[in-house]
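Peer 1: Okay, sequence plus prediction incoming.
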Protein chains: 2
Amino acid sequence: MILQEEIIDFIKNGEKHYLTDLTIDCAILGYHNQELKILLGKHAHFNGWALPGAYIKKKETLANAAARILKERTSLSNIFLQQFYTFGDNENRLDGSNAEHLPEELKSAFEEDNWLLKRKLSIGYYALIDYSKAEVNPVFPFEDFCWHTVTELPKLLFDHKEIIDKALTTLRNQIHLKPIGYNLLPEKFTLPEIHVLYETILNKKLDRRNFQKKLITLGVLEKLNEKRKIGQHRSPFLYKFDKEKYDEALKEGSAFSF
Amino acid sequence: MILQEEIIDFIKNGEKHYLTDLTIDCAILGYHNQELKILLGKHAHFNGWALPGAYIKKKETLANAAARILKERTSLSNIFLQQFYTFGDNENRLDGSNAEHLPEELKSAFEEDNWLLKRKLSIGYYALIDYSKAEVNPVFPFEDFCWHTVTELPKLLFDHKEIIDKALTTLRNQIHLKPIGYNLLPEKFTLPEIHVLYETILNKKLDRRNFQKKLITLGVLEKLNEKRKIGQHRSPFLYKFDKEKYDEALKEGSAFSF
């Protein structure tokens, strides 16, 4: 919980501690019930949802800033986190944000040339997390955090729709380069589960037999002596990634083009 | 030519017109004599070479800023230009630059908390240009611009080696997604030329026959009724891209994985 006086101090004195021209916004992605989910915050004062984001300290690397922001929001550390794009082309980003929707006690803390009212660029990072382990922590300016299916997004604020679209395109383009399956799936998974994950990310149907055959031929999966019961007559075997072989295949790049 | 008084005005008053936390650096790439080249500036006051870069105006989109900087340096417009990464992790970027190597008349223009002495992040853009058309314009702080083969780089300043490496990795990873061949080759080219270009970018040998067969099968090339004489007994046919089919193949993505 952040106290009102801390918020007012941030409004008045934040520019002593943070870079003023830009923020980091995180597209935090998880996978659940065969759906790709993204974590969004419901803004406490504006009518809509936004990506969790924050400012970068004056003496903090970008990678550390992104990891800190992620930890403050999801309480997770050592997360797979990738910078994907810096946003500064949208016309809305040429003007500063406005404070008019804020409650009176906060609004009065803004002086005319307050640093928060100036134009901001945003560096986008995507994070892939194990959905079941995230403990979400709403802090100012959000009153709530929820997971949303990426194909059914609520009303988004600012240019955050554009940021999410770019994050998903990047995920799709990097599926053969980055350990995306590894980071989104639980440790043990079935072949139907990884098949649907790839279909969801690539947003296209993949022939089940060819997909499974290719994955097994690549040698990146280890078959476990364990099954998951998913129906009266369906108990597919569980698999896990052979991390070393998986990393090798990613280095090759084209191995994962389905 | 920029006058000394303009430089001093920039040092003293630049923060009224430009964002102060970050710059744009351009990796300008061209292809010549079967070598991938990058444009570097010899710094007028520091001992080494750097990427051409500049500041972003307060009310200018990032894309417009990158195009403006490129035009100021190479006099080319409508160039293929892609943002690829924002650099702010290098420890050297946590402190501001220093002015100690500058000549006395410039050094005296810096006050203690001058905006140019603060930490700067850098947004990297890569540009692909027709080598033969670039007219290079050295402006402050460079005394000269030269094309360097990417495998034989001179001493680089700041973290510019890291920026160049990332630009080249991006080029390699995006070869199946972006019109890279189209923008680096002249309008008409031979099959041996495009073969060597792909080998150079991917930094690996590609079987000539398979490569050419795959390209022709993709239907992205148009064979011209024209040959180039490259030796007493060698006059390969010239080709050009069928831009429409090329763009379609890039949309498919995996078509260009060699």
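Peer 2: Looks like it came in fine.

Peer 1: going forward, measure contacts and count neighbours with C-alpha atoms only.
Peer 2: Noted.

Peer 1: quick one: residue A:212 and residue A:195 touch, right?
Peer 2: Yes: under the criterion of CA atoms under 8 Å, residue A:212 makes contact with residue A:195 at 7.5 Å.

Peer 1: Just want to know which of these two has more residues nearby.
Peer 2: residue A:195 (19 against 16; other CA atoms under 10 Å in any protein chain shown).

Peer 1: Name the SS class of the more buried one, please.
Peer 2: helix (DSSP: H, G, I helix; E, B strand; the rest coil).

Peer 1: State the distance from it to residue B:192.
Peer 2: 40 Å (CA to CA, to the nearest Å).

Peer 1: quick one on the thing from earlier: any residues in contact with both of residue A:212 and residue A:195?
Peer 2: Overlap of the contact sets of residue A:212 and residue A:195 (by CA atoms under 8 Å, 6 or more residues apart in numbering or on different chains) is empty.

Peer 1: List the buried residues in stretch A:219-227.
Peer 2: Counting neighbours by 16 or more other CA atoms under 10 Å in any protein chain shown, one finds that the buried residues in stretch A:219-227 are A:220, A:221, A:223, A:227.

Peer 1: Residues contacting that stretch, please?
Peer 2: Contacts of stretch A:219-227 (CA under 8 Å, 6+ apart): A:215, A:235-243, A:245-246, A:249.

Peer 1: right, and the pair among those residues with maximum separation?
Peer 2: A:235 and A:249 (28.4 Å; CA to CA).

Peer 1: Name the residue in these two with the higher neighbour count.
Peer 2: residue A:249 (20 against 13).

Peer 1: remind me which residues of the stretch 101-250 of chain A are low pLDDT?
Peer 2: The stretch 101-250 of chain A contains no residues with pLDDT under 70.

Peer 1: Which residues of it lie near chain B?
Peer 2: Proximity of the stretch 101-250 of chain A to chain B, by CA under 8 Å from any CA of the partner chain, involves residues A:119, A:123.

Peer 1: And the strands in the stretch 101-250 of chain A, which stretches?
Peer 2: Ranges of strands within the stretch 101-250 of chain A are A:121-128, A:142-149, A:189-190, A:221-227, A:237-241, based on DSSP state E, counting those that start in this stretch.

Peer 1: Out of the ones you listed, which is closest to residue B:31?
Peer 2: So among the strands of the stretch 101-250 of chain A, strand A:121-128 is nearest, using CA to CA, at 31.0 Å.

Peer 1: Just name whatever secondary elements the closest one is in contact with.
Peer 2: Counting contacts by 3 or more CA pairs under 8 Å, 6 or more residues apart in numbering or on different chains; DSSP states H and E, strand A:121-128 packs against strand A:18-32, strand A:80-87, helix A:160-173, helix A:180-184.

Peer 1: partners of the first one in the sheet?
Peer 2: The sheet places strand A:18-32 alongside strand A:35-43 (antiparallel), strand A:53-57 (antiparallel), strand A:121-128 (parallel), with pairing taken from DSSP bridges.

Peer 1: Ramachandran coordinates for the residue in chain A sticking out farthest from the centre?
Peer 2: The outermost residue of chain A relative to its centre, with distances by CA atoms, centre = their mean, is residue A:233 at 36.2 Å. When read as degrees, to the nearest 10, the backbone of residue A:233 gives phi -120, psi 20.

Peer 1: picking that back up, quick one, which of the strands of the stretch 101-250 of chain A gets closest to residue A:163.
Peer 2: Among these, strand A:121-128 sits nearest to residue A:163 (CA to CA), with 7.0 Å.

Peer 1: So what touches that closest one?
Peer 2: A:21-30, A:66, A:79-88, A:93, A:163, A:167, A:180, A:183-184, B:86.

Peer 1: Centre of the chain to that strand, how far?
Peer 2: Strand A:121-128 sits 7 Å away from the centroid of its parent chain (CA atoms, centre = their mean, to the nearest Å).

Peer 1: how many other residues sit next to residue A:143?
Peer 2: Once other CA under 10 Å is used to define contacts, residue A:143 is seen to have 13 neighbours.

Peer 1: Ok, the one 10 residues further on next?
Peer 2: Other residues near residue A:153 number 15, with proximity taken as other CA under 10 Å.

Peer 1: Residue A:229 contacts residue A:236, correct?
Peer 2: Yes: using CA under 8 Å, residue A:229 makes contact with residue A:236 at a distance of 7.0 Å.

Peer 1: Comparing these two, which residue is more hemmed in?
Peer 2: residue A:236 (17 against 11).

Peer 1: For stretch A:230-241, what is the distance to the chain centroid?
Peer 2: So, by CA atoms, centre = their mean, the centroid of stretch A:230-241 is 28 Å from its chain's centroid.

Peer 1: which other residues reach that stretch?
Peer 2: Outside stretch A:230-241, the residues touching it (CA under 8 Å, 6+ apart) are A:182, A:187-191, A:220-229.

Peer 1: now stretch A:104-116
Peer 2: Counting by CA under 8 Å, 6+ apart, A:7, A:8, A:11, A:12, A:15, A:20, A:96, A:97, A:99, A:100 sit against stretch A:104-116.

Peer 1: distance between the ends of that stretch?
Peer 2: One end of stretch A:104-116 sits 16 Å from the other (CA to CA).

Peer 1: And it, what's buried?
Peer 2: A:106, A:110, A:115, A:116.

Peer 1: sorry, back to before: ranking the helices and strands packed on strand A:121-128 by burial, who's on top?
Peer 2: strand A:18-32 (a mean of 23; mean count of other CA atoms under 10 Å in any protein chain shown).

Peer 1: What's the mean pLDDT across it?
Peer 2: The average of the pLDDT scores along strand A:18-32 is 95.

Peer 1: start to end distance for stretch A:175-186?
Peer 2: 17 Å.

Peer 1: Name the SS class of residue A:7, please.
Peer 2: Quick answer, by three-state DSSP: residue A:7 is helix.

Peer 1: wait, what's in contact with it?
Peer 2: residue A:106.

Peer 1: distance of it from chain B?
Peer 2: Using CA to the nearest CA, to the nearest Å, residue A:7 is found at 23 Å from chain B.

Peer 1: now do residue A:132
Peer 2: Counting by CA to the nearest CA, the gap from residue A:132 to chain B is 30 Å.

Peer 1: Same question for residue A:196.
Peer 2: With distances taken as CA to the nearest CA, residue A:196 is found 20 Å from chain B.
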